[in-house]
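Curious how this folds, go ahead:
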Amino acid sequence: MPRDAATSAGAPAGSPHAGAAPARELRARGQRTQRRLLDAGADVFARRGYHAARVDDIVKLAKTSHGTFYLYFENKEDLFAALAAEVGDRMTELFDALPAFGPGPDGCAELEGWLTRFGELYRSAGPILRAWTEAEIAGDSVGRLGADAMRRFTAVIGERFRAAATPGVDPALAALAIVAMIERAHYYALTDQTPARPEHLAATLARVTHAAVHAP
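Presented below is the predicted three-dimensional model:
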């Protein structure tokens, strides 16, 4: 806003509010630039893999400069950590919303609905989760960024085993096996290592998990 226009609107030229709009515009522009870099990074990680991705690839795709990149991120690891944190937050929210899923058919259907949502999230965050998993397989420290979210998932599944008092089953070990099954099945589907359709994947995993928790 021009200086005279700001004054006529009730904000004197010397008022602290005179520069508020330009400051907000700069912040918004910065947020858009940062988002563009994050989205470009996700695309590059998906196409090249975590270890082969380069900052040069990211800035070219984002149509910006190296200098701009380093205003927001220290390196590609820092950008990946920001992407992983976003995905981790979304996953933790979903894990916390895992239904109780009782022993009957309604409980199995409830679990299937939740696993459908899990699959949707896994596919939407596929580029990051794929790079995340590949970094973990390679023993890279980046691969440990998802540890907190997966621990939460395991804890929630363990609570379901304890609540059901599943006979002859250690809740913590059983939960670890179920979480590994669910995560790895989605990873194989994401990387085309299995031809499973999303609805079939959710239905099958729901029935296996439900049967494990509510063993006869």
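
how close does the residue lying closest to H66 once chain neighbours are set aside sit to T68?
Closest residue in space to H66, ignoring its immediate chain neighbours: V59 at 5.6 Å, by CB to CB, 6 or more residues apart in numbering. Backbone N, C-alpha and C define where each C-beta goes, glycine included. V59 sits 7 Å away from T68, taking CB to CB, to the nearest Å as the criterion.

what domains does the record give for the chain?
Taking automatic domain parsing as the reference, the chain has its domains at 17-73, 81-213.

what pLDDT, on average, does the first one get?
By that I understand domain 17-73. Mean per-residue pLDDT for domain 17-73: 85.

For the chain, which residue occupies the most central location?
V87 (1.6 Å; CA atoms, centre = their mean).

Next, the contact list for that residue, please.
125, 128-129, 132, 146, 149 (CB atoms under 8 Å, 6 or more residues apart in numbering).

Adding neighbour count, write those residues out as TSV.
Shown next, in TSV, are those (neighbours: other CB atoms under 10 Å):
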residue	neighbour count
A125	20
I128	24
L129	22
W132	25
G146	22
A149	20
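
Now tabulate these in TSV and tack on pLDDT.
As requested, these are arranged in TSV below (pLDDT from 0 to 100):
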residue	pLDDT
A125	88
I128	83
L129	82
W132	74
G146	67
A149	79
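
State the next helix or strand along the chain beyond the top helix by length along the chain.
Counting residues, the longest helix in the chain under DSSP state H turns out to be helix 20-48. Using DSSP states H and E, the helix or strand that follows helix 20-48 towards the C-terminus is helix 55-62.

Tell me which residues are up against that following helix.
With CB under 8 Å, 6+ apart, helix 55-62 has contacts from 36-37, 39-41, 43-44, 48, 65-66, 68-69, 75-76, 79.

what about A42, neighbour count?
22 (other CB atoms under 10 Å).

Is it correct that it is in contact with L129?
No - using CB atoms under 8 Å, A42 is not in contact with L129; the gap is 10.5 Å.

So which residues of the protein form strands?
Taking DSSP state E as the test, none of the chain falls into strands.

Please, where are all the helices along it?
3-8, 20-48, 55-62, 66-72, 76-96, 105-124, 126-137, 147-164, 171-190, 198-213.

ok now stretch 67-81, how far from the chain's centre?
Using CA atoms, centre = their mean, to the nearest Å, the mean C-alpha position of stretch 67-81 is found 19 Å from that of the whole chain.

Check which residues of that stretch are buried.
68-69, 72-73, 76, 79-81 (16 or more other CB atoms under 10 Å).

how far does that stretch stretch from start to finish?
19 Å (CA to CA, to the nearest Å).

next one: stretch 68-84
21 Å.

Tell me which residues are up against it.
So stretch 68-84 is contacted by 30, 33-34, 37-38, 41-42, 45, 50, 53-55, 58-59, 62, 128, 131-132, 142, 145-146 (CB under 8 Å, 6+ apart).

How about stretch 201-214?
101-103, 107-109, 111-112, 115-116, 118-119, 157, 160-161, 164, 166, 169, 174, 178, 181-182, 185-186, 189, 196.

Write a PyMOL command that selects only the buried members of these.
To isolate the buried ones among these in PyMOL, judged by 16+ other CB under 10 Å, type:
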select buried, resi 101+102+107+108+111+112+115+116+118+119+157+160+161+164+166+169+174+178+182+185+186+189+196
